[in-house]
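**Q** How does the following fold in three dimensions:
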Amino acid sequence: MSVDYRPQQSFQHTLKEIAVNRQDPCELVRELISNAYDAKATEIIVMPYLQKKGLIFFDNGVGLSESEGDKKNGVVPYVAFFSIGKTTKTKGSGIGYKCQGSKLCFASSRVTVITRCAGEQEWRMKQIENPKQSLNENYDLTPVRTAEPWAALADQIISEPDDRSVALLEILSKAFFEKDFKQGTLIIIDGFDVQDYGKYFSVGSPDTSYLYNYVRFVSAHGDVRQFLPAESGFTSVDTTSVISNRKSKPANLRILTDPAAGVWKLEVVPHGYPYLPVKPEDEKLVSPSTVNRLRDGRFCARYATVFDHEGQKFSIIIAVDGKRRTLDGYNQLGRQRQSGCGIPLSSQRGVFLTSHGVRVCSYNEVFREDALVGFDVLADNTEHHLVFIDGPFELVTNRNSPAPDSLKLLKEAAFLDKVKAFLNEIITKRPRGTILRELVERLGQERTHEREDQYHKIMAKVKDSLPGRSMFQVDAEGVKGKWFIEPAVGEENMVGAFFTLFAHLVPANSPAIAYWNRPLTFSAYGIDAVSCTDEKNMKDSFQYLEYKHTFSADIEFNHPFSITNEIVCWDYAAPVIGTNVQDSYNYVAQIKAILNVEDKPVGFTLGDIRLKSGMQAIGHEIRVLSLRRLLAATFKINHRDAIAVKA
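**A** Residues are numbered from 1 along each chain as shown. Predicted coordinates for the structure are as follows:
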């Protein structure tokens with residue numbers, strides 16, 4: 001029996017993985033709009049199919065050709081639409097090229113595709129039930145040709161319509177097909193697999209519709225490179241340079257809405273990212289350096305540039321708007337106690353990567369690069385600015401983050417030097433460059449003040465807690481009557497300080513004298529100290545000593561057991577003979593015996609130290625001592641319990 005040694009792939013499994021809306025259900029709309037722009041569409045229509053919790057999408061692009069003359073990479077566009085990893089697009093020539101965005105359509109109970117190319121007399125239609133389960137390598141994609149697709153819509157696709165679907169059929173009438181659908185693609189999706197469908201696809205006014213605003217803020221129709229200097233505040237020079245980097249022309253995109261008047265209509269969605277308009281009087285508002293509270297700022301400024309890097313063009317677009325200005329200007333976006341359309345205002349602030357004008361992901365990390373030192377405050381304080389870094393970035397499969405090669409590019413010194421050169425040009429030469437400079441300076445000052453204030457608060461809290469903490473007195477010469485505060489978690493250095501101090505005060509005839517090896521060093525790295533067991537013969541009696549606040553068999557020891565001789569902690573969890581303890585260097589030890597001073601337990605030993613593999617054993621034992629118990633066994637102690645302090 002022969003074995004097929006070639007790798008195998010499950011079409012259905014891969015499709016089920018791809019056809020998932022991992023970030024946002026409206027990713028489907030984003031991908032379809034990107035495809036429409038790649039297809040040179042001038043008209044796009046988006047309509048929620050409310051009755052069946054689905055979507056209807058139309059664009060008058062080139063259509064899905066099945067002509068052999070349009071075959072690229074071994075596949076025609078019509079077949080590529082239904083395929084995985086097959087595309088007729090050229091990398092870098094359009095927004096998408098992986099041919100996987102359209103697969104989001106298949107996360108549905110039924111998908112219908114109607115398409116027509118220039119010169120064709122009929123429309124071609126294909127309807128697939130349960131596409132995620134049905135589509136496979138052997139599925140017959142042969143379309144049905146029809147001269148009356150409007151009839152098929154009413155009879156087979158949008159059958160038994162309710163009032164909402166009647167409105168759809170009125171739009172997709174015979175006149176629509178004969179006048180507007182001379183070429184292009186119509187996609188009807190039933191039963192879109194999404195939770196809370198109404199949240200994302202319910203129709204309403206532009207101020208309340210999630211879908212409407214998603215198209216404006218996230219999709220290719222909201223191209224971040226499209227802005228009008230007279231309205232957005234960008235100079236005509238910046239506008240010309242950035243727009244020249246675009247290849248596609250704006251389409252007329254309409255979304256079906258049902259305003260308060262109850263009249264269904266197709267609402268035109270403006271093209272380009274909705275930058276806040278800038279009026280001449282806005283430029284006279286208080287600047288970042290003079291406003292009393294930065295969060296109340298209404299200052300604004302706009303900057304943009306295009307630069308070449310390794311033969312490719314990139315754009316940087318910066319819109320500075322004080323927080324109060326954005327709160328007042330973006331009424332449709334959500335903020336505390338106000339959901340708006342469902343898209344939060346915070347999601348539109350900071351730094352974003354965009355590919356061919358389409359927003360990909362947040363990338364505030366760019367300002368944390370060493371090359372951009374001096375502008376690092378912009379990484380964390382994002383509420384006053386919006387920065388787009390646009391370019392032909394290669395994306396991962398779901399198109400929601402950059403591919404490794406793109407991330408590598410964004411860290412290259414040569415690329416970042418060009419970004420920094422533009423930022424420096426703004427603050428030294430650009431009109432209203434002082435706005436960005438003052439914003440960076442003010443944020444830096446507030447960050448310094450905030451850190452200092454936080455530092456003061458932490459230390460004040462520590463100081464205020466001291467009178468109420470547990471304390472003790474030791475009946476020993478030189479310290480009689482003095483109160484000592486017990487070490488708290490994180491104060492291992494105090495354990496070492498106390499052990500060193502009291503090691504000098506132990507009477508020579510004390511039964512505990514053998515446990516007080518005097519520390520000779522105090523290190524800030526590695527093992528904490530070196531002590532000695534015989535000061536008359538120091539060279540041969542050095543010991544490595546580590547301090548801990550608490551020792552427990554459940555907590556991994558962070559130094560090698562192989563070189564540790566003694567561990568002094570303030571106290572330990574009750575030891576159980578035979579319990580294993582691990583370190584961070586692949587050694588394991590076992591609790592062997594309890595150490596006592598006149599029947600008072602003061603510690604225990606760790607023995608049988610070996611590598612976890614069991615192949616190498618270490619001969620020595622480690623002594624673990626509780627300083628709290630050792631003090632009580634050595635001196636007369638006066639203890640005072642902690643006092644609860646009201647907050």
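
**Q** now the chain, which segments are flagged as low pLDDT?
**A** Segments of the chain classed as low confidence (criterion: pLDDT under 70) are 1-23, 85-101, 229, 259-262, 397-399, 450-451, 524, 614-615, 644-647.

**Q** Most distant residue from the centre of it?
**A** residue 509 (64.0 Å; CA atoms, centre = their mean).

**Q** which residues sit in contact with that residue?
**A** Shown in contact with residue 509 (CB atoms under 8 Å, 6 or more residues apart in numbering): no residues. For every residue, glycine as well, the C-beta is placed using N, CA and C.

**Q** sec struct for it, please.
**A** Following DSSP: H, G, I helix; E, B strand; the rest coil, residue 509 is assigned to coil.

**Q** give me phi/psi at it?
**A** Note on residue 509: backbone dihedrals following degrees, to the nearest 10 are phi -100, psi 10.

**Q** Quick check: phi and psi at residue 296.
**A** Given degrees, to the nearest 10, the pair of backbone angles that residue 296 has is phi -90, psi 10.

**Q** how many other residues sit next to the residue nearest to it when sequence neighbours are not counted?
**A** Once flanking residues are discounted, residue 296 sits nearest to residue 324: 5.0 Å by CB to CB, 6 or more residues apart in numbering. Under the neighbour criterion other CB atoms under 10 Å, residue 324 is assigned a count of 19.

**Q** Show me how the chain divides into domains.
**A** In the domain annotation for the chain, the residue ranges read 11-196, 293-449, 471-640 (automatic domain parsing).

**Q** would you turn these into TSV with distance to residue 243?
**A** Formatted as TSV, the domains of the chain follow (distance: least, CB to CB, whole Å):
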stretch	distance to residue 243
domain 11-196	15
domain 293-449	10
domain 471-640	57
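
**Q** before we move on, the earlier item: for my notes, confirm the residue nearest to residue 296 occurs in a helix.
**A** Yes - the assignment for residue 324 (three-state DSSP) places it in a helix.

**Q** Contact partners for it?
**A** Contacts here follow CB under 8 Å, 6+ apart; on that basis residue 324 touches 295, 296, 297, 298.

**Q** Count the neighbours of the last one for me.
**A** Using other CB under 10 Å, residue 298 has 17 neighbouring residues.

**Q** can you check the first one too?
**A** The tally of other residues near residue 295 (other CB under 10 Å) stands at 12.

**Q** Just want the most central residue of this structure.
**A** The chain, centroid-nearest residue using CA atoms, centre = their mean: residue 362 at 7.0 Å.

**Q** where's it relative to residue 379, distance?
**A** For residue 362, the distance to residue 379 equals 11 Å [CB to CB, to the nearest Å].

**Q** now do residue 589
**A** Applying CB to CB, the value for residue 589 to residue 379 is 44 Å.

**Q** between these two, which one's more packed in?
**A** Legend: neighbour count by other CB under 10 Å for residue 589 and residue 379, higher for residue 589 (25 against 17).

**Q** Pull the distance from the helix or strand harbouring that one to the chain's centre.
**A** In this assignment (DSSP states H and E), residue 589 forms part of strand 587-597. Computed by CA atoms, centre = their mean, to the nearest Å, the chain-centroid distance of strand 587-597 equals 46 Å.

**Q** Who does residue 145 form a beta bridge with?
**A** Beta bridges link residue 145 to residue 124, judged by DSSP bridges.

**Q** Quick check: neighbours shared by residue 362 and residue 379?
**A** Joint contacts of residue 362 and residue 379 (CB under 8 Å, 6+ apart) are residue 351.

**Q** Not counting its neighbours along the chain, what's nearest residue 431?
**A** Of all residues not flanking residue 431 in the chain, residue 235 sits nearest, at 7.0 Å (CB to CB, 6+ apart).

**Q** Return the backbone torsion pair for that neighbour.
**A** Torsion angles at residue 235 (phi, psi; degrees, to the nearest 10) stand at phi -70, psi 160.

**Q** Next, count neighbours for it.
**A** Neighbour count of residue 235, defined by other CB under 10 Å: 15.

**Q** List the buried residues for stretch 546-559?
**A** For stretch 546-559, burial by neighbour count (16 or more other CB atoms under 10 Å) applies to 546, 547, 548, 549, 551, 553, 557, 559.

**Q** what's the closest non-adjacent residue to the third one?
**A** Once flanking residues are discounted, residue 548 sits nearest to residue 569: 4.1 Å by CB to CB, 6+ apart.

**Q** In contact with the one you found, which residues?
**A** 495, 547, 548, 549, 550, 551, 624, 625, 626, 627.

**Q** Sheet partners, orientation included, of the host helix or strand of the fifth one?
**A** Right, the one you point to is residue 550. Assigned by DSSP H and E, residue 550 falls within strand 542-551. Partners of strand 542-551 in the sheet, by DSSP bridges, are strand 529-532 (antiparallel), strand 566-572 (parallel).

**Q** Quick one: residues in contact with the shortest one.
**A** Right, strand 529-532. So strand 529-532 is in contact with 496, 500, 517-523, 538, 541-547, 566, going by CB under 8 Å, 6+ apart.

**Q** can you rerun that using 7 Å?
**A** With CB atoms under 7 Å, 6 or more residues apart in numbering as the contact definition, strand 529-532 has outside contacts at 496, 517-523, 538, 541-545, 566.

**Q** Tell me how many other residues crowd the closest residue to residue 592 other than its chain neighbours.
**A** In space, residue 592 comes closest to residue 607 once its chain neighbours are excluded; the distance is 4.0 Å by CB to CB, 6+ apart. Neighbourhood size, residue 607 [other CB under 10 Å]: 15.

**Q** Could you tell me how far residue 607 is located from residue 389?
**A** Using CB to CB, residue 607 is found at 60 Å from residue 389.

**Q** what's the answer for residue 480, then?
**A** Distance of residue 480 to residue 389, computed by CB to CB: 69 Å.

**Q** If you count surrounding residues, which of the two has more?
**A** Taking other CB under 10 Å, residue 480 and residue 389 do not tie; residue 389 has more neighbours (21 against 9).

**Q** How about the secondary structure of that one?
**A** Secondary structure, three-state DSSP: residue 389 is strand.

**Q** who are the neighbours in contact with residue 472?
**A** 484, 486, 637, 638, 639.

**Q** could you redo the last one with a cut-off of 8 Å?
**A** Taking CB under 8 Å, 6+ apart, one finds 483, 484, 486, 631, 637, 638, 639, 640 in contact with residue 472.

**Q** from the residues you listed, which is closest to residue 421?
**A** Minimum distance to residue 421 across those is 57.0 Å, recorded for residue 486 (CB to CB).

**Q** now that closest one, nearest residue through space, not along the chain?
**A** Residue 486's closest residue in space is residue 470 (CB to CB, 6+ apart), at 4.3 Å.

**Q** re the thing from before, Provide a PyMOL selection command restricted to the buried entries of the contacts of strand 529-532.
**A** To isolate the buried subset of the contacts of strand 529-532 in PyMOL, counting by 16+ other CB under 10 Å, use the following:
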select buried, resi 496+517+519+542+543+544+545+566
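
**Q** Tell me the span between the first and last residue of stretch 273-291.
**A** The stretch stretch 273-291 measures 28 Å between its terminal residues, going by CA to CA, to the nearest Å.

**Q** ok, and for that stretch, which residues are buried?
**A** Applying a neighbour-count criterion of 16+ other CB under 10 Å, one finds 273, 274, 275, 276, 278, 282, 285, 287, 288, 291 buried in stretch 273-291.

**Q** before we move on, what about stretch 502-513?
**A** Here stretch 502-513 shows 502, 503, 506, 512 as buried, counting by 16+ other CB under 10 Å.

**Q** right, and the last one touches residue 602 too?
**A** Yes - the pair residue 512 / residue 602 is scored as a contact, 7.1 Å apart, by CB atoms under 8 Å.
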